[in-house]
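Colleague: this one's structure only:
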């Protein structure tokens with residue numbers, strides 16, 4: 001979820017001007033949506049084939065409901081789309097995303113496929129300005145971030161060690177001052 005927030009920020013900048021759509025009610029998708037909201041996502045809508053389930057998710061996340069029958073036609077309204085239905089068929093197709101991108105006028109769209117098996121047609125990856133990330137892709141982003149943090153931690157340790165040596169050397173020099181004064 002944290003990796004999804006990072007990618008969303010990289011793509012859209014400040015999230016308070018972005019709108020998201022959660023399609024389905026899978027646990028992973030709900031977790032990602034919650035993280036995006038915590039990170040300042042401006043608006044979120046939930047869509048589910050079962051209207052009562054969409055309303056329950058909307059109450060849980062304190063967001064709006066988009067009728068499932070309308071989500072394809074309204075796809076252009078959303079900067080971030082989280083698919084978490086797990087229907088064993090592609091509910092977000094390349095044609096839907098291509099149409100939405102045409103209407104969005106080259107504004108990027110971040111699509112997160114949080115379902116296993118996937119809900120988003122993998123052909124979406126070939127559409128310019130559509131950025132499709134599956135759970136594996138987000139895991140890779142998270143691991144890269146971890147490697148970067150570990151490298152930075154090593155560098156920070158080196159700096160601390162240098163400063164410690166400088167401090168101890170200065171302290172030793174201050175202790176020697178009275179003796180040196182007497183010798184002079």
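Modeller: Here it is on my side, so go on. The structure displayed is predicted, hence computed values, not measured ones.

Colleague: Next, the buried residues of stretch 109-118.
Modeller: 109, 110, 111, 112, 113, 114, 115, 118 (16 or more other CB atoms under 10 Å). From N, CA and C alone the C-beta is placed, and that goes for glycine too.

Colleague: Check stretch 116-127 too.
Modeller: For stretch 116-127, by 16+ other CB under 10 Å, it's 118, 119, 120, 121, 124, 125, 127.

Colleague: Save those residues as TSV, and put in distance to residue 92 and secondary structure too.
Modeller: Converted to TSV, the buried residues of stretch 116-127 look like this (distance: CB to CB, whole Å; DSSP: H, G, I helix; E, B strand; the rest coil):
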residue	distance to residue 92	secondary structure
118	9	coil
119	6	coil
120	4	strand
121	7	coil
124	7	helix
125	12	helix
127	11	coil
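
Colleague: Tell me the one of these nearest residue 172?
Modeller: Within these, proximity to residue 172 (CB to CB) peaks at residue 125, which comes in at 61.2 Å.

Colleague: The protein: strands as residue ranges?
Modeller: 19-24, 43-47, 64-65, 80-84, 109-113, 130-134 (DSSP state E).

Colleague: Partner strands of the shortest one, with direction?
Modeller: This points to strand 64-65. strand 43-47 (parallel) (DSSP bridges).

Colleague: what is the mean pLDDT for the strand it pairs with?
Modeller: In this model, strand 43-47 has a mean pLDDT of 95.

Colleague: How about residues contacting it?
Modeller: Residues outside strand 43-47 that contact it (CB atoms under 8 Å, 6 or more residues apart in numbering) are 18-25, 33, 36-37, 54, 57-58, 61, 63-68, 70-71, 78.
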